[in-house]
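>>> The following block contains a protein sequence and its predicted model.
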Amino acid sequence: GAIRDQPALSGDKEIARILGESYGHYIHETGNFPWEGPLDKSSGTVTHPVLDVATGLAGFSLIHDWTEAHPLLILTDNTPFIIEGLSCYKKLIGKKNIEILESNFPEEQHGEKSAPADMYFGSIWANKFLHHLQREDRGRFLRWAMGRLIPKGVLSIVDTDLEYQILQQAKDPVFRAKLIPGYLETLVEVEKEFCKNLVEDINEAGFKLTGF
């Protein structure tokens with residue numbers, strides 16, 4: 001917390017490298033994954049590269065579970081600590097068909113590199129990511145994803161408006177008092193009709209919604 005709250009420390013590349021590598025070694029030695037990231041059931045049938053957007057800490061279990069029989073998996077994040085940690089862990093367990101990429105999405109939104117411009121995917125995973133985006137940015141990401149999937153490629157989304165529900169309930173002092181101090185500050189402001197809007201945005205981007 002002390003490092004995170006001080007930009008001079010949290011933005012230091014050497015500190016991020018040391019902390020990330022230390023955490024990668026810890027996961028390797030203990031197998032105590034911070035967040036389970038179960039593989040998509042269809043991943044075993046995909047023959048083209050798979051892109052996981054804003055991987056976060058779930059990347060450790062994804063690296064562990066990804067077999068040599070699977071195609072290339074690209075894990076992305078924009079937090080140096082996570083990039084360093086995942087890269088270290090991948091090296092320690094010797095996985096060859098996984099790449100770690102520091103990225104923001106979509107490319108048009110941030111003006112920074114995202115996935116390689118000449119790469120197309122059999123599947124794109126966006127787990128617990130889209131609620132972090134404003135609706136206009138979310139639409140841009142979905143259109144970007146549509147342009148990067150091969151024919152019959154799949155965009156898999158796992159998301160929720162849970163943070164909106166908690167923030168609404170927290171207006172009640174009794175409910176608010178039950179929460180861990182500082183927890184509310186970690187939540188993202190999500191629009192009121194996030195789930196409804198997300199379905200509309202998915203359709204408008206040209207996807208065929210096959211499950212909800």
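That came in fine, so what should we check first?

>>> next one: the strand ranked longest in the chain to chain centre, how far?
Using DSSP state E to define each element, the chain has its longest strand at strand 149-158. Here strand 149-158 is found 15 Å from its chain centre; the criterion is C-alpha atoms, centre = their mean, to the nearest Å.

>>> do stretch 197-211 as well
Between the mean C-alpha position of stretch 197-211 and that of its chain there is a distance of 19 Å (C-alpha atoms, centre = their mean).

>>> which residues are contacting that stretch?
Around stretch 197-211, the neighbours that count as contacts under C-beta atoms under 8 Å, 6 or more residues apart in numbering are 130, 135, 138-139, 142-143, 145-146, 155, 157, 159, 191, 212. C-beta here means a position set from N, CA and C on the backbone, and glycine is covered the same way.

>>> the strands in this structure, which residues?
Assignment of strands within the chain using DSSP E yields the ranges 50-53, 73-77, 98-102, 121-127, 149-158.

>>> if we can go back for a sec, give me the ChimeraX select line for the contacts of stretch 197-211, limited to the buried ones.
A single ChimeraX command selects the buried members of those (16 or more other C-beta atoms under 10 Å):
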select :130,138,139,142,143,145,155,157,159
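
>>> Give me the subset of the contacts of stretch 197-211 lying in helices.
Among the contacts of stretch 197-211, DSSP state H puts Arg135, Arg138, Gly139, Leu142, Arg143, Ala145, Met146 in helices.

>>> which one of the residues you listed sits closest to Gly94?
The shortest gap between Gly94 and any of the ones in helices among the contacts of stretch 197-211 belongs to Ala145, at 30.4 Å (C-beta to C-beta).

>>> Check the gap between that closest one and Asn104 for me.
When distance is defined by C-beta to C-beta, to the nearest Å, Ala145 is 14 Å away from Asn104.

>>> What of Ile157?
Per C-beta to C-beta, Ile157 is found 18 Å from Asn104.

>>> Isn't Cys195 up against Asp161?
Yes - in this structure, Cys195 sits in contact with Asp161. The criterion is C-beta atoms under 8 Å, and the distance is 5.5 Å.

>>> So which of these two has more stuff around it?
A direct count of neighbours by other C-beta atoms under 10 Å for Cys195 and Asp161 places Asp161 higher, at 18 against 15.

>>> which residue packs closest to the residue nearest to the spatial centre of the chain, ignoring adjacent ones?
Centroid check for the chain by C-alpha atoms, centre = their mean gives Ala54 as the closest residue, at 2.4 Å. Across the structure, with C-beta to C-beta, 6 or more residues apart in numbering as the measure, the residue nearest Ala54 apart from its sequence neighbours is Phe129 (4.2 Å).
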